[in-house]
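Student: could you look at this predicted model? Sequence included:
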Amino acid sequence: PAAPPALLLLLLHGGGVRASSPPHHASLPCRDDLSLRSAPINLPRGVHMLDLSRNQVQNLTEETLAYHTGFHHLNLHANKIHFIQPGLFKDMTDLRVLDLSRNHLNVFALSKTNIGPLTAVESLDLSSNGLYTGMSEYFLADSPALETVSLRGNSITKIAQDTFSGSSSLTNINLHNNVILEIEDGAFDSLAHLTELDLSKNSIACITDFNLCNLKVLNLSKNSLELFQSTRSAELYRLVSLDLSENKMSHFPLLPLNNILKYLDISRNYLQSVEVTGSPETKNRVFLNHLRYLDMSYNQLKSLPESFFYCMGSLEVLNVSNNCISSFSITNKRLLQTVKIINLSYNSLQTLTFGENTLPSLEELFLQGNDLAVLDRKIFQRLPSINHLQLQQNNLQICTSDHQDPPDCVSFTSISNLHFLNLSENSLWTLPANAFANTPLRLLDLSLNLGLDMDKCALSGLENSLVHLLLRENNISNLNTDLSSLRSLKHVDLSTNQLTSLPTWNKESSIESLNLQNNNLVTLDYSTILALEHSLKTLYMGSNPLSCCRNLGFLHMVQHSAVVVPDIETVTCIHEEYSEPVNIEKVTQEMCHGLAVQNYIIVVVLTLLLGMVALGLLLKCFQSRKRKHNRSFSA
């Protein structure tokens, strides 16, 4: 018996023919390199999905499709179709998805013939077909059920008033990567259900009187926009996401007065201020009470006044990195109460101020790359929810706990929720005792602070919390700080220093990953190896002047334990019998035992020779004395 049509799925890829059906239905054999020009004539009845993608179809006709009309899904992606039989799809009343992408439909469009009605098609892909202005209408003129259309990767320069007039049910239009210069007034007005519009990567210079009230997602990134203005209407705009990134705007966009916008990206423009452009009457305050995400990174902003945030009662993420902001201040405790992430990295910050009881929800603060040298000593203690603090590439100094502090130092004690702290590249010269007391750090990065002098008790208070410790490129020759007391420590990076010996670890060590690359280690203490071996999983040891035969304990661990050495190919050691360093994997105990025997023989021979020389000298001396004694008694 034939399989029920709804259960049959047939795929006819360029890589082979595959039939999937119930066990009682015969399957077609698989063959490679089909290069089909049409569907096989022996297609079983009831095929719902036909995938002829990546074949050699040129003419799309009833014969090409083996006279089947019951398809739900038809995939003709990446063929060479340049002709479609007019009216081919009118009787395909079940066809919902039609993929005609990456063909030569521009050739068909030159005939100025409509392909006929797409009676039930809901999704149509016409991308990468060389279509230019006026051609898409031949495919969209009679598609009453169409909801989604992709025209990306074509050469369309203009969206005319009637481009989508035959597709009034459209909800999603993708015009990414064309060369659109102009959009005629009313081009989208007939599309009452349109909710998503992608116009990214085109050549649009300005948007004036934006009035698509029902649109929810609008992507205008990667254009040449200098201006974005909405109509001054009290009507509710349903826009939720607006992407204006990578354009040429020098002023903040004029957004709808009555909006529910949640996501706004204006990054990589030429913004010099957050003032809205336009005549004085258009500069009324725009309320963004629903806005949650605001990205203004990579612009030319010099300031960001507190007043800018007055109407942003729901903001959670603020990114103003890579600007020219010299001062940032939040002193009004009613502002930014919901903000969780603030990114001020790579600006020109000289002053940073947070008032008491401000920013109660702030969890992540990015301040790297600002060359900050002066901050209020207790500035971070004012942030009750701060969890993640990025301060690398500044010039800060850390306060001690005994009040004998350097001027303008910053305190990192008693920050109750701080788990991640990056202080790399801060020109730190000293790390005082108890520098992080009562702060439950899980990750601490102190790398690239050349000449850093760490007090023996610098990490006191982190015994039960610290998991990651990074001390790379600090020019440390001897680590005095006791790491064995850090019971939760699992990942340690001591690479690119001047270490000649390892810190002491006891048998309770929990270290899982240890990076010792680029140091001056000659020998690894065997007791340290034993202490680490039970927990260690990953060890980096490359670029150290190790001795081959004075590290047999380390050699045994590498060869017989579960420890992984990812850079094993660069881990070499020095052997007296070899002029070049030897890879640690090639060292055997016999090499060292043989050397020991050889050394023993040499020592014995030298000892015997020395003994014989000494004995000869004694005999010669004795004979000389005897002759002298005999001469003294002669007559």
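Tutor: Sure, I can see it. Keep in mind that this is a model prediction, so the values were computed, not measured.

Student: CA only for contacts and neighbour counts going forward, please
Tutor: Fine.

Student: and Ser245, how many neighbours?
Tutor: By the criterion of other Cα atoms under 10 Å, Ser245 has 24 neighbours.

Student: can you read off the pLDDT for it?
Tutor: In the prediction, the pLDDT value recorded for Ser245 is 98.

Student: isn't it right up against Ile266?
Tutor: Yes - at 4.6 Å, Ser245 and Ile266 qualify as touching, with contact defined as Cα atoms under 8 Å.

Student: OK, contacts around Val40?
Tutor: Actually, residue 40 is Pro rather than Val. Residues near Pro40 by Cα atoms under 8 Å, 6 or more residues apart in numbering: Ala66.

Student: okay, it: pLDDT?
Tutor: pLDDT recorded at Pro40 is 86.

Student: from Phe89, how far off is His72?
Tutor: 12 Å (Cα to Cα, to the nearest Å).

Student: swap in Pro503?
Tutor: In terms of Cα to Cα, Pro503 sits 76 Å off from Phe89.

Student: got it, and Ser38?
Tutor: Distance from Ser38 to Phe89, by Cα to Cα: 16 Å.

Student: then Thr331?
Tutor: From Thr331 to Phe89 the distance is 65 Å (Cα to Cα).

Student: comparing these two, which residue is more hemmed in?
Tutor: Applying other Cα under 10 Å to Thr331 and Phe89 shows that Phe89 carries more neighbours, namely 22 against 14.

Student: I'd guessed that one sits against Leu118; true?
Tutor: Yes - between Phe89 and Leu118 there is a contact under Cα under 8 Å: 5.8 Å.

Student: strands along the stretch 301-450 of the chain, start to end?
Tutor: 317-319, 327-330, 341-343, 351-354, 364-366, 388-390, 420-422, 430-431, 443-445 (DSSP state E, counting those that start in this stretch).

Student: show me where this protein has its helices.
Tutor: Shown for the chain, the helices assigned by DSSP state H span residues 105-109, 137-140, 526-533, 552-560, 589-631.

Student: just the C-alphas of the first one, formatted as CSV.
Tutor: The C-alpha atoms that make up helix 105-109 are tabulated as CSV, following Å, rounded to 0.1, in the frame of the first residue of the first chain:
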residue,chain,number,x,y,z
LEU,A,105,15.8,35.3,-12.6
ASN,A,106,17.0,38.7,-13.9
VAL,A,107,17.0,37.1,-17.4
PHE,A,108,13.4,36.0,-17.0
ALA,A,109,12.4,39.5,-15.7
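
Student: so what does it touch, helix or strand wise?
Tutor: On a contact count with 3 or more Cα pairs under 8 Å, 6 or more residues apart in numbering; DSSP states H and E, helix 105-109 meets strand 83-84.

Student: list the neighbouring strands of the strand it packs on plus their orientation.
Tutor: Within its sheet, strand 83-84 is paired with strand 59-60 (parallel), according to DSSP bridges.

Student: contacts for the partner strand?
Tutor: By Cα under 8 Å, 6+ apart, strand 59-60 touches Ile81, His82, Phe83, Ile84, Gln85.

Student: can you do 10 Å?
Tutor: 37-38, 76, 79-86, 88, 108 (Cα atoms under 10 Å, 6 or more residues apart in numbering).

Student: re earlier: and for Ser245 and Ile266, which residues touch both?
Tutor: Ser221, Asp295, Met296, Ser297, Tyr298.

Student: inside strands: which ones of those?
Tutor: Asp295 (DSSP state E).

Student: want to throw the shared contacts of Ser245 and Ile266 into JSON lines with distance to Val410, pLDDT and neighbour count?
Tutor: Below are those laid out as JSON lines (distance: Cα to Cα, whole Å; pLDDT from 0 to 100; neighbours: other Cα atoms under 10 Å):
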{"residue": "Ser221", "distance to Val410": "41", "pLDDT": "98", "neighbour count": "24"}
{"residue": "Asp295", "distance to Val410": "29", "pLDDT": "98", "neighbour count": "20"}
{"residue": "Met296", "distance to Val410": "29", "pLDDT": "98", "neighbour count": "25"}
{"residue": "Ser297", "distance to Val410": "27", "pLDDT": "98", "neighbour count": "25"}
{"residue": "Tyr298", "distance to Val410": "28", "pLDDT": "98", "neighbour count": "22"}
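
Student: okay, the shared contacts of Ser245 and Ile266 in JSON lines with distance to Arg96 next?
Tutor: JSON lines is the format used below for the shared contacts of Ser245 and Ile266 (distance: Cα to Cα, whole Å):
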{"residue": "Ser221", "distance to Arg96": "30"}
{"residue": "Asp295", "distance to Arg96": "38"}
{"residue": "Met296", "distance to Arg96": "41"}
{"residue": "Ser297", "distance to Arg96": "42"}
{"residue": "Tyr298", "distance to Arg96": "43"}
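
Student: out of the shared contacts of Ser245 and Ile266, who's nearest Ala435?
Tutor: Distance ranking of these against Ala435, using Cα to Cα, places Ser297 first at 33.1 Å.

Student: about what we covered before: overlap of the contact sets of His72 and Phe89?
Tutor: Common neighbours of His72 and Phe89 (Cα under 10 Å, 6+ apart) are Leu95, Leu98, Ala120, Val121.

Student: per-residue pLDDT, the residue nearest to the first one when sequence neighbours are not counted?
Tutor: If I follow you right, that is Leu95. Counting by Cα to Cα, 6 or more residues apart in numbering, Leu95 lies nearest to His72, which is 4.1 Å off, once chain neighbours are set aside. On the pLDDT scale, His72 is placed at 97.

Student: so what's His72 up against?
Tutor: By Cα under 10 Å, 6+ apart, the neighbours of His72 are 6, 47-50, 92-98, 120-121.

Student: phi first, then psi, for it.
Tutor: phi -100, psi -30 (degrees, to the nearest 10).

Student: please report how far it lies from Val240.
Tutor: In terms of Cα to Cα, His72 sits 32 Å off from Val240.

Student: so what's Phe83 bridging to?
Tutor: Using DSSP bridges, the bridge partners assigned to Phe83 are Asn59.

Student: tell me the contacts of the closest residue to Leu450 other than its chain neighbours?
Tutor: Excluding the flanking residues, the one nearest Leu450 by Cα to Cα, 6+ apart is Asn474, at 4.3 Å. By Cα under 10 Å, 6+ apart, the contact list for Asn474 reads 424-425, 427-429, 446-453, 494-498.

Student: how long is stretch 432-439 end to end?
Tutor: Using Cα to Cα, one end of stretch 432-439 lies 15 Å from the other.

Student: which other residues reach it?
Tutor: Under Cα under 10 Å, 6+ apart, the answer for stretch 432-439 is 398-402, 405, 411-419, 444, 453-462, 465, 481.

Student: look up how far Gly369 lies from Phe412.
Tutor: 19 Å.

Student: for the protein, name the helix or strand with the lowest mean pLDDT.
Tutor: strand 16-20 (a mean of 36; mean pLDDT, DSSP states H and E).

Student: and the spatially closest residue to Gly542 that is not a sequence neighbour, how many residues sit next to it?
Tutor: Counting by Cα to Cα, 6+ apart, Gly542 lies nearest to Val571, which is 4.2 Å off, once chain neighbours are set aside. Neighbour count of Val571, defined by other Cα under 10 Å: 21.

Student: surely Val571 touches Val587?
Tutor: No - in this structure, Val571 is not within contact of Val587 by Cα atoms under 10 Å, at 11.2 Å.

Student: in stretch 138-155, what counts as buried?
Tutor: 138-155 (16 or more other Cα atoms under 10 Å).

Student: close enough to count as contact, Asn299 and Asn322?
Tutor: Yes - taking contacts as Cα under 10 Å, Asn299 lies within contact range of Asn322: 6.8 Å.

Student: which neighbours do the two share?
Tutor: Common neighbours of Asn299 and Asn322 (Cα under 10 Å, 6+ apart) are Ser267, Arg268.

Student: okay, now the unreliable bits of the chain?
Tutor: 1-33, 277-285, 401-406, 594-609, 611, 614, 616-619, 621-635 (pLDDT under 70).
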